[in-house]
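In: Have a look; sequence and predicted model below, questions after that.
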Amino acid sequence: QVQLVESGGGLVQSGDSLTLACAASGRTISDYTVGWFRQAPGKEREFVASIAWTGGATHYAEPAKGRFDISRNNVKNTIYLQMNSLKPADTAVYYCAAEFRGLYYDTRSYTYWGQGTQVTVSS
C-alpha cells in the first residue's frame with residue numbers, strides 16, 4: 001500500500017500562486033499514476049490534473065489548463081501541483097490520489113487517497 005499526505009494549502013488572495021505537495025510513503029511513487037482532485041463545499045469531488053507513472057504524460061481538467069502544472073519528483077517520492085492565477089472558484093479541499101500503473105487520462109480509477117489540504121482564495 002501507498003500512503004499519501006498533502007501539504008501546502010492555505011489562504012491566499014485572488015491572483016496569487018500556491019504549490020501543493022503530495023508526499024508518498026510505503027511504496028515508491030514512481031510506479032503510480034497520481035492525480036489531484038478537489039471538492040468545494042456543497043459540490044462533488046472533481047478531477048483537476050494527473051501525471052502518468054512513466055513517460056511524464058499529464059492531463060488537466062479545463063479549469064486547470066494554462067494555470068496549473070502537475071509534476072513529480074520520484075527521488076523525493078513527491079508529486080506537486082503548482083497553481084497560478086488563483087481564483088475564488090478554486091477554493092476547495094485538494095486531494096491527491098494514486099493508482100498503480102494507472103492510465104493518466106483515467107480520471108476515476110484511483111485506489112489510494114490522501115486526507116486533503118484546504119485551499120481558500122479570497123477575492
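Out: Ah, there it is. What you see is a predicted model, and the numbers here were worked out from it, not measured in a lab.

In: which residues of this protein fall in strands?
Out: Per DSSP state E, the chain carries strands over the ranges 3-7, 10-13, 18-25, 32-39, 46-51, 58-60, 68-73, 78-83, 92-100, 112-113, 117-122.

In: Packing partners of the last one?
Out: Here strand 117-122 is seen to pack against strand 10-13, strand 18-25, strand 92-100 when contacts are counted using 3 or more C-beta pairs under 8 Å, 6 or more residues apart in numbering; DSSP states H and E. From N, CA and C alone the C-beta is placed, and that goes for glycine too.

In: Which among these is found nearest to residue 52?
Out: strand 92-100 (10.4 Å; C-beta to C-beta).

In: helices or strands up against the closest one?
Out: Using 3+ C-beta pairs under 8 Å, 6+ apart, strand 92-100 sits against strand 3-7, strand 18-25, strand 32-39, strand 78-83, strand 112-113, strand 117-122.

In: still on that earlier bit, next, format the strands of the chain as CSV and append mean neighbour count and distance to residue 106.
Out: What follows is the strands of the chain, written out as CSV (neighbours: other C-beta atoms under 10 Å; distance: least, C-beta to C-beta, whole Å):
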stretch, mean neighbour count, distance to residue 106
strand 3-7, 18, 17
strand 10-13, 13, 30
strand 18-25, 19, 18
strand 32-39, 24, 8
strand 46-51, 22, 8
strand 58-60, 18, 9
strand 68-73, 18, 15
strand 78-83, 23, 16
strand 92-100, 22, 8
strand 112-113, 17, 14
strand 117-122, 17, 23
